[in-house]
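Q: got a structure for you, letters missing:
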């Protein structure tokens with residue numbers, strides 16, 4: 001039987017690629033998604049459809065109660081989602097305090113209970129400017145903690161930590177993935193806005209790969 005791993009799966013293009021990367025690597029993934037009160041909750045619907053199609057066990061866990069503790073983000077509070085690229089300081093309003101440490105901690109607990117050896121998540125270099133919990137030093141420290149936090153060591157795996165979203169898309173296209181099955185926009189409306197940092201970075205990745213994004217935009 002192949003090695004069992006947990007994949008933190010938001011339904012976005014990065015985690016979609018990571019999920020398929022785990023499959024390509026011969027792993028048996030268990031997908032874990034979180035409802036943390038994000039305004040773009042429709043990403044969870046995309047995640048559920050993909051997991052059903054691939055016959056991958058999938059849990060969606062409601063942790064929205066944490067917003068009484070970790071507010072102040074444009075993704076969860078009544079704050080306008082900023083427009084512009086991730087390199088711009090305004091995008092700091094999309095930071096959810098301590099989000100990845102919280103999600104990784106729960107995913108590691110799930111891994112231990114399922115006898116899984118690794119937790120995969122989709123941090124990449126494009127996130128480094130704005131999100132401290134996507135930076136290499138954070139991943140290294142989390143790995144140190146997860147090696148000793150339980151009787152069983154669990155490894156945090158970030159296949160794309162040092163590369164851009166453009167490179168992630170390149171690898172996904174190599175695997176023949178359909179990115180119409182993913183949702184990226186921080187505004188959870190019917191169509192993607194095309195203006196927020198998440199949309200702009202996604203569209204840039206498609207342009208760099210000389211491809212057309214299959215999503216509809218406003």
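A: That came in fine, so what should we check first? Keep in mind the model is a prediction, meaning the values are calculated, not measured.
Q: Spell out the residue ranges of the strands in the chain.
A: 4-8, 28-35, 58-62, 118-120, 155-157 (DSSP state E).
Q: For the ones you listed, give me CSV that also has mean neighbour count.
A: Any C-beta I mention is one placed from the backbone N, CA and C, and that applies to glycine too. Output for these, formatted as CSV (neighbours: other C-beta atoms under 10 Å):
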stretch, mean neighbour count
strand 4-8, 24
strand 28-35, 21
strand 58-62, 14
strand 118-120, 25
strand 155-157, 21
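Q: Nearest to residue 183, out of those?
A: Proximity to residue 183 (C-beta to C-beta) singles out strand 28-35 among the strands of the chain, at 11.9 Å.
Q: and residue 188, what pLDDT?
A: Reported pLDDT at residue 188 in the predicted model: 80.
Q: Could you find the closest non-adjacent residue to residue 133?
A: Nearest non-adjacent residue to residue 133, counting by C-beta to C-beta, 6 or more residues apart in numbering: residue 100, 3.7 Å away.
Q: Who are the contact partners of the one you found?
A: 121, 123, 131, 133-134, 138 (C-beta atoms under 8 Å, 6 or more residues apart in numbering).
Q: I'd like the residues you listed written out as JSON lines, with distance to residue 8 and neighbour count added.
A: Below are the contacts of residue 100 laid out as JSON lines (distance: C-beta to C-beta, whole Å; neighbours: other C-beta atoms under 10 Å):
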{"residue": "121", "distance to residue 8": "4", "neighbour count": "27"}
{"residue": "123", "distance to residue 8": "10", "neighbour count": "24"}
{"residue": "131", "distance to residue 8": "14", "neighbour count": "19"}
{"residue": "133", "distance to residue 8": "12", "neighbour count": "20"}
{"residue": "134", "distance to residue 8": "12", "neighbour count": "22"}
{"residue": "138", "distance to residue 8": "14", "neighbour count": "20"}
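Q: Which one of those is nearest to residue 36?
A: Checking those one by one against residue 36 (C-beta to C-beta), the nearest turns out to be residue 133, at 13.3 Å.
Q: and that closest one, how far is that from residue 208?
A: According to C-beta to C-beta, to the nearest Å, residue 133 and residue 208 sit 25 Å apart.
Q: do the same with residue 202
A: 11 Å.
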